[in-house]
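Trainee: My questions are about this predicted structure, shown below with the sequence.
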Amino acid sequence: GDSVTQMEGPVTLSEEAFLTINCTYTATGYPSLFWYVQYPGEGLQLLLKATKADDKGSNKGFEATYRKETTSFHLEKGSVQVSDSAVYFCALGSSGTYKYIFGTGTRLKVLA
Amino acid sequence: KAGVTQTPRYLIKTRGQQVTLSCSPISGHRSVSWYQQTPGQGLQFLFEYFSETQRNKGNFPGRFSGRQFSNSRSEMNVSTLELGDSALYLCASSTAGGWQETQYFGPGTRLLVL
């Protein structure tokens, strides 16, 4: 079945460091890919998405490119801030089952 | 537009009791999904409703059930509560539940079972 694998956390970085959170997927058909972020005490909110191969999603300095050849959707940011501290979830929208499948989440902590 | 609202925000129950959680989606959204979030299992899909019909279901026992009303508001019910049901229950809505659509999440209901 469809699945999402993302890197284990926690990830601890200093402010202004470069961030990469890896996400790979397994899917049949043509999935959509998403990154959601969850701040403490809140629900998830969409960070960015891509609905077809080679699409790049971007928002608030974060970017991710839908790579069909490597079945990946890695999240990157060039310079993280303390306010980026949160849990990041990679997710897949399955064109076969119409289900959303989430990764396990990666906790990011940014130190001043 | 108002966001997704969930009530109550916090609940404490004892084993064997039952509980009902409520979710009001964004106006115009007809798809409502429910998720269970725990530290050990992450986010797990419970079920999705669209136009008052359950369209998708995750791998949870029959103690977990839900329904959707004609105004798209949804409720989920857990009967015969177990300690392992302690979790954050998240509701998410989208326009039609399509696999390319963004899901909009509520703040969740935190359930503690004692």
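Mentor: That came in fine, so what should we check first?

Trainee: Quick one: distance of the helix or strand bottoming out on mean pLDDT in chain A to the chain centre.
Mentor: Within chain A, no helix or strand scores below strand A:100-102, which has a mean of 90 by mean pLDDT, DSSP states H and E. On the basis of Cα atoms, centre = their mean, to the nearest Å, strand A:100-102 sits 12 Å off its chain's mean C-alpha point.

Trainee: Direction included, what does that strand pair against?
Mentor: strand A:86-93 (antiparallel) (DSSP bridges).

Trainee: List the neighbours of the next helix or strand after the least confident helix or strand of chain A that are in contact with it.
Mentor: Per DSSP states H and E, strand A:100-102 leads on to strand A:106-111 as the next helix or strand towards the C-terminus. By Cβ atoms under 8 Å, 6 or more residues apart in numbering or on different chains, the surrounding residues in contact with strand A:106-111 are A:6-15, A:17, A:19, A:21, A:80-89. C-beta here means a position set from N, CA and C on the backbone, and glycine is covered the same way.

Trainee: picking that back up, could you pull out the buried residues of the least confident helix or strand of chain A?
Mentor: A:100, A:101, A:102 (16 or more other Cβ atoms under 10 Å in any protein chain shown).

Trainee: And the nearest residue to the last one once chain neighbours are set aside, which helix or strand is it part of?
Mentor: Among residues not flanking residue A:102 along the chain, residue B:43 sits closest, at 4.1 Å (Cβ to Cβ, 6 or more residues apart in numbering or on different chains). Taking DSSP H and E as the criterion, the element that holds residue B:43 is strand B:42-50.

Trainee: which stretches of chain A aren't confidently modelled?
Mentor: Nowhere does chain A drop to pLDDT under 70.

Trainee: Measure how buried residue A:94 is and give me the count.
Mentor: Neighbours of residue A:94 under the rule other Cβ atoms under 10 Å in any protein chain shown: 21.

Trainee: Now it. Its backbone dihedrals?
Mentor: Main-chain dihedrals, residue A:94, degrees, to the nearest 10: phi -90, psi 120.

Trainee: pretty sure it contacts residue B:48?
Mentor: No - counting by Cβ atoms under 8 Å, residue A:94 stays clear of residue B:48, with 11.9 Å between them.

Trainee: before we move on, back to that, now render the buried residues of strand A:100-102 as TSV, adding distance to residue B:107.
Mentor: Output for the buried residues of strand A:100-102, formatted as TSV (distance: Cβ to Cβ, whole Å):
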residue	distance to residue B:107
A:100	18
A:101	22
A:102	17
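
Trainee: Tell me the one among the residues you listed nearest to chain B.
Mentor: residue A:102 (4.1 Å; Cβ to the nearest Cβ).

Trainee: beta partners for that closest one?
Mentor: Going by DSSP bridges, residue A:102 forms beta bridges with residue A:91.

Trainee: you'd agree it is up against residue A:87?
Mentor: No - the criterion here is Cβ under 8 Å, and residue A:102 misses it with residue A:87 at 11.0 Å.

Trainee: OK, contacts around the nearest residue to residue A:23 once chain neighbours are set aside?
Mentor: Nearest residue to residue A:23 in three dimensions, chain neighbours excluded: residue A:90, at 3.5 Å (Cβ to Cβ, 6+ apart). Listed by Cβ under 8 Å, 6+ apart, the contact set of residue A:90 reads A:4, A:6, A:21, A:23, A:25, A:33, A:34, A:35, A:73, A:75, A:102, A:103.
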